[in-house]
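Asker: the following comprises the amino acid sequence and a computationally predicted model.
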Amino acid sequence: MGDPTQGKGRFEWPTLALVAACYGLWVLATMVFSAVWLPLSIALASLAIALHSSLSHEALHGHPFKRASWNAALVFPALTLFIPYLRFRDTHIAHHNDETLTDPYDDPESNYLDPAIWQGLPGGVQRLLRFNNTLIGRLSVGPLIAQFTFMRADLRAIAAGDRRVLAGWLWHLPAVAVVLIWLALSPMPVWAYVIAAYFAISILKIRTFLEHQAHEDDAQRTVIIEDRGPLALMFLNNNLHVVHHMHPNVPWYRLPALYWANRDRYLGRNHGYRYASYAEVFRRHLWRAKDPVPHPVWRR
């Protein structure tokens, strides 16, 4: 195989095979199982949508093809309905600046707030955001809060004349139309699909819940979760998150070998910010917040 951090072949067959499996599961969920038993259809569609989002993450990092346009075309249908691929790409690439990780303003994926902003929020909003910092909160209300925050920021950017943000949403319209046309031809009701999309985003919130922590040293901000179960596959090994941040161009299926061959190096880099599994994450944080909402070490 050679050095897993160096380049890649012409095609990445594991990724292409997983893309085919993802769309196959989505077709079965929406077209076949929705006519048999709707709850099962919703559950399977949720899994397919969550996996599609993980594959979209691979696509924006240059997989499975060398051409960005081919990767974008491969994940073009907006199975999540609510998240434009081009906006996901731009915000996620900005997130990969380790020097600004968790910054309330410069990291688009930060869940922390400026302490001054936090102090000015109504008590009810503070309680909601504290609940959102527990895992059960992130699973239940987290998708709504994240979507509201994301769309509010983008609407402000569009109102200020940001054409790139506007273009990201305009390209999203035909991507959503593909899904809605498919649903019109399938037995699955749109309302059931919306529920599936919400559940899918909830699943993804398990991964993003504690990927990063506030810390003075940017090397200590990114987690390792040594899980090898179904969630690790669903998240395409992004649970080995510090490895991904150090080698963002390495495809998902090479990350485990890279980590286990250099475990001490990666745990030395993030100073042991580690969980043994997602079971440990649930056990420790289902009802208890890992972090405060106001950034504890942020200074402007």
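Answerer: Received, thanks.
Asker: right, and Leu38 touches Trp191 too?
Answerer: No - if you go by CB atoms under 8 Å, Leu38 and Trp191 don't touch, sitting 10.3 Å apart. C-beta: built from backbone N, CA, C; applies to glycine.
Asker: of those two, who's got more company?
Answerer: Leu38 (15 against 8; other CB atoms under 10 Å).
Asker: list the contacts for the nearest residue in space to the more buried one that is not next to it in sequence?
Answerer: Distances taken as CB to CB, 6 or more residues apart in numbering place Ala192 nearest to Leu38, at 5.8 Å, with adjacent residues excluded. Applying CB atoms under 8 Å, 6 or more residues apart in numbering, we find Ala192 in contact with 34, 38, 41-42.
Asker: next one: phi and psi at Ala192?
Answerer: With angles defined as degrees, to the nearest 10, Ala192 sits at phi -70, psi -40.
Asker: can you pull the buried residues of the host helix or strand of Pro143?
Answerer: Using DSSP states H and E, Pro143 maps to helix 142-159. Judged by neighbour count (16 or more other CB atoms under 10 Å), helix 142-159 contains these buried residues: 142-143, 145-146, 150, 154, 157-158.
Asker: the stretch 101-250 of the chain: helices as residue ranges?
Answerer: 115-119, 123-132, 135-140, 142-159, 163-185, 190-208, 230-234, 241-246 (DSSP state H, counting those that start in this stretch).
Asker: in a markdown table: the ones you listed, plus mean pLDDT and distance to Pro77.
Answerer: Output for the helices of the stretch 101-250 of the chain, formatted as a markdown table (pLDDT from 0 to 100; distance: least, CB to CB, whole Å):
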| stretch | mean pLDDT | distance to Pro77 |
| --- | --- | --- |
| helix 115-119 | 96 | 36 |
| helix 123-132 | 98 | 29 |
| helix 135-140 | 98 | 25 |
| helix 142-159 | 98 | 19 |
| helix 163-185 | 98 | 5 |
| helix 190-208 | 98 | 12 |
| helix 230-234 | 98 | 19 |
| helix 241-246 | 97 | 25 |
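Asker: quick one: closest of those helices to Tyr253.
Answerer: helix 230-234 (10.0 Å; CB to CB).
Asker: so what touches the closest one?
Answerer: 47, 50-51, 54, 203, 206-207, 225, 239, 278.
Asker: and if you look at stretch 149-158?
Answerer: 83, 87, 108, 165-166, 168-169.
Asker: that stretch: how far from the chain's middle?
Answerer: Stretch 149-158 sits 18 Å away from the centroid of its parent chain (CA atoms, centre = their mean, to the nearest Å).
Asker: output it as PDB, nothing but the C-alphas.
Answerer: What follows is stretch 149-158, C-alpha atoms only, in PDB (Å, rounded to 0.1, in the frame of the first residue of the first chain):
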ATOM      1  CA  THR A 149     -27.700  29.200  13.600                       C
ATOM      2  CA  PHE A 150     -26.300  28.100  10.200                       C
ATOM      3  CA  MET A 151     -29.100  29.600   8.200                       C
ATOM      4  CA  ARG A 152     -29.200  32.900  10.200                       C
ATOM      5  CA  ALA A 153     -25.500  33.400   9.500                       C
ATOM      6  CA  ASP A 154     -25.900  32.600   5.800                       C
ATOM      7  CA  LEU A 155     -28.900  34.900   5.400                       C
ATOM      8  CA  ARG A 156     -26.900  37.700   7.000                       C
ATOM      9  CA  ALA A 157     -24.000  37.000   4.600                       C
ATOM     10  CA  ILE A 158     -26.400  37.000   1.600                       C
END
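Asker: ramachandran angles for the residue nearest to His96 when sequence neighbours are not counted?
Answerer: Excluding the flanking residues, the one nearest His96 by CB to CB, 6+ apart is Pro248, at 5.9 Å. Note on Pro248: its backbone torsions stand at phi -70, psi -20 [degrees, to the nearest 10].
Asker: can you get me a residue count around Pro248?
Answerer: Counted with other CB under 10 Å, Pro248 comes out at 13.
Asker: distance of Ile181 relative to Ala78?
Answerer: 12 Å (CB to CB, to the nearest Å).
Asker: same question for Trp252.
Answerer: Distance from Trp252 to Ala78, by CB to CB: 21 Å.
Asker: what do you get for Gly62?
Answerer: 21 Å.
Asker: give me the more crowded residue out of the two.
Answerer: Ala78 (24 against 17).
Asker: wait, the more buried one sits on Phe88?
Answerer: No - using CB under 8 Å, Ala78 is not in contact with Phe88; the gap is 10.2 Å.
Asker: quick one: pLDDT of Arg300?
Answerer: Per-residue confidence at Arg300 stands at 63 (pLDDT).
Asker: ok, Arg10 next?
Answerer: 59.
Asker: one more: the one 3 residues further on?
Answerer: Reported pLDDT at Trp13 in the predicted model: 95.
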